[in-house]
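**Q** Got a predicted structure here, sequence first:
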Amino acid sequence: MNAAAALQNPEAGHAARYAQVVRLSKKAEWQIDRDLLRGRTLDFSRKFLPDGLSRIDRLEFLSADEARLLSQIQGRTYAYIFGLVERFISAKMLDQGRAHIFGDQLALEALVRFSNEEIKHQELFRRIETMIGAQLPDGYRQVADPNDVARAVLAASTWSVLALTCHIELFVQAHYAETIAPREELCPLFKDVFKYHWKDESQHVVLDELEWHDVHARLSLAERDRSVNDLIALVAAVDGILQTQSASDAEYFIRNVARSFSVAETAQIKTCVLGAYRWQYIISGVQHPHFGRLLSSMTTPAQLSRIQTALAPIINS
Ligand SMILES: [Fe+2]
Ligand SMILES: [Fe+2]
């Protein structure tokens, strides 16, 4: 179906997009051990997360070994945070799939496949996180439990959860394509983890958009307004996790280098890690051009301005 025909008949347009997602999901299907890991291990002589995400190049007083360790700690948290958010994403897509059980069977299949892929990603990230933990010193801490976070997120309106999910899946793609893929110096297995993840996320974001539009069309103006409040609260909750995790990771790093840092250097490390996490999980998503277009199309100017006001302290920190 061409774009003009899809506009005249949105339901048929949606059906075609669900069908295409199923086709592409089947074509890209991969297994953790057979296709991705292939018996390989992580290369601890290299960085895991690139400077474009970790912002470690801003800490000019770090030695190469220290910078590599901080990149690996941030890489571990990157795997942990994705595993964490995928707990609620997978559950939400199961709920969305239920709405299609007596309808478009390809929509149902697309959402079941989406949910299943997120379960696979959670296993992948748990395994990567464990592989990193086996080599790095003891004392690393995960500050939030995935089930506690999922229960809290799923209590919010579906509109807000789909908006948050869409934002996450857009920045996942941008991180890999723009910042991870071009960097030759990174650990090859760590890069491949995010390459395989990116393949699935490219389909997920199509479904996020379809589901978000669909839910939006069924809400009253008052429900949309409450959903905007929910989205603001969800982003604040994400930021709360990032503040605690970044402080924990910075302190863990400082404890595990062979020298002590000055008070000013310690403060710089903490600020850098918090800034990196805010960039990774909030700012790179809300500033994604496609997310901006979607959010503008599903909010009033006053609602958009409320969201921007709430984000300003995070973006300008
Ligand atoms: Fe995923
Ligand atoms: Fe996903």
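**A** Arrived safely. Source: prediction; values computed, not measured. Numbering: from 1, shown residues only. Ligands and ions are numbered 1, 2, ... in the order given.
**Q** so where does the residue of the stretch 201-317 of the chain found nearest ligand 2 fall, helix or strand?
**A** Nearest to ligand 2, among the residues of the stretch 201-317 of the chain, is His204, at 3.6 Å (C-beta to the ion). (Glycine included, C-beta is placed from N, CA and C.) Per DSSP states H and E: His204 is located in helix 188-218.
**Q** next helix or strand past that helix?
**A** helix 221-255.
**Q** packing partners for that following helix?
**A** Where contact means 3 or more C-beta pairs under 8 Å, 6 or more residues apart in numbering; DSSP states H and E, helix 221-255 is packed against helix 64-98, helix 146-154, helix 158-174, helix 263-278, helix 301-315.
**Q** Get me the contact residues on the stretch 51-200 of the chain for ligand 2.
**A** The stretch 51-200 of the chain comes close to ligand 2 at residues Glu169, as judged by C-beta under 5 Å from the ion.
**Q** Quick one: low-confidence residue ranges for the stretch 51-200 of the chain.
**A** Scanning the stretch 51-200 of the chain for pLDDT under 70 picks out no residues.
**Q** which one is whichever residue of it sits closest to ligand 2 nearest to, not counting chain neighbours?
**A** Nearest residue of the stretch 51-200 of the chain to ligand 2: Glu169, at 5.0 Å (C-beta to the ion). Nearest residue to Glu169 in three dimensions, chain neighbours excluded: Val205, at 4.3 Å (C-beta to C-beta, 6 or more residues apart in numbering).
**Q** Show the model's pLDDT score for the one you found.
**A** Note on Val205: pLDDT of 95.
**Q** Over to Ala12?
**A** 78.
**Q** how deep is it tucked in, by neighbour count?
**A** 12 (other C-beta atoms under 10 Å).
**Q** hmm, whatever helix or strand it lives in in reach of ligand 2?
**A** Per DSSP H and E, Ala12 falls inside helix 10-28. No. Using C-beta under 5 Å from the ion, helix 10-28 stays clear of ligand 2, with a minimum separation of 11.1 Å.
**Q** next helix or strand past that helix?
**A** Toward the C-terminus, helix 10-28 is succeeded by helix 51-54 as the next helix or strand (DSSP H and E).
**Q** Run the chain-centre distance for that next one.
**A** Here helix 51-54 is found 15 Å from its chain centre; the criterion is C-alpha atoms, centre = their mean, to the nearest Å.
**Q** next one: stretch 188-204
**A** 12 Å.
**Q** which other residues reach it?
**A** With C-beta atoms under 8 Å, 6 or more residues apart in numbering as the test, stretch 188-204 has contacts from 21, 24-25, 28, 30, 35-37, 40-43, 48-49, 75, 79, 82, 110, 114, 117-118, 121, 124, 128, 169, 172-173, 175-177, 180-181, 183.
**Q** Same check on stretch 233-246?
**A** With contacts defined as C-beta under 8 Å, 6+ apart, stretch 233-246 is touched by 77, 81, 142-144, 149, 152-153, 156, 160-161, 164, 270, 273-274, 276-278, 281-282, 286, 310-311, 314.
**Q** cool, stretch 18-29 as well?
**A** Here stretch 18-29 has contacts from 104, 106-107, 109-110, 113-114, 117, 199-200, 202-203, 206-207, 210, using C-beta under 8 Å, 6+ apart.
**Q** Kindly recompute the last result at 10 Å.
**A** When contacts are defined by C-beta atoms under 10 Å, 6 or more residues apart in numbering, stretch 18-29 is touched by residues 1, 35, 100, 104-114, 116-117, 120, 196, 199-200, 202-207, 210.
**Q** which parts of that stretch are buried?
**A** By neighbour count with 16 or more other C-beta atoms under 10 Å, stretch 18-29 contains the buried residues Tyr18, Ala19, Val21, Val22, Leu24, Ser25.
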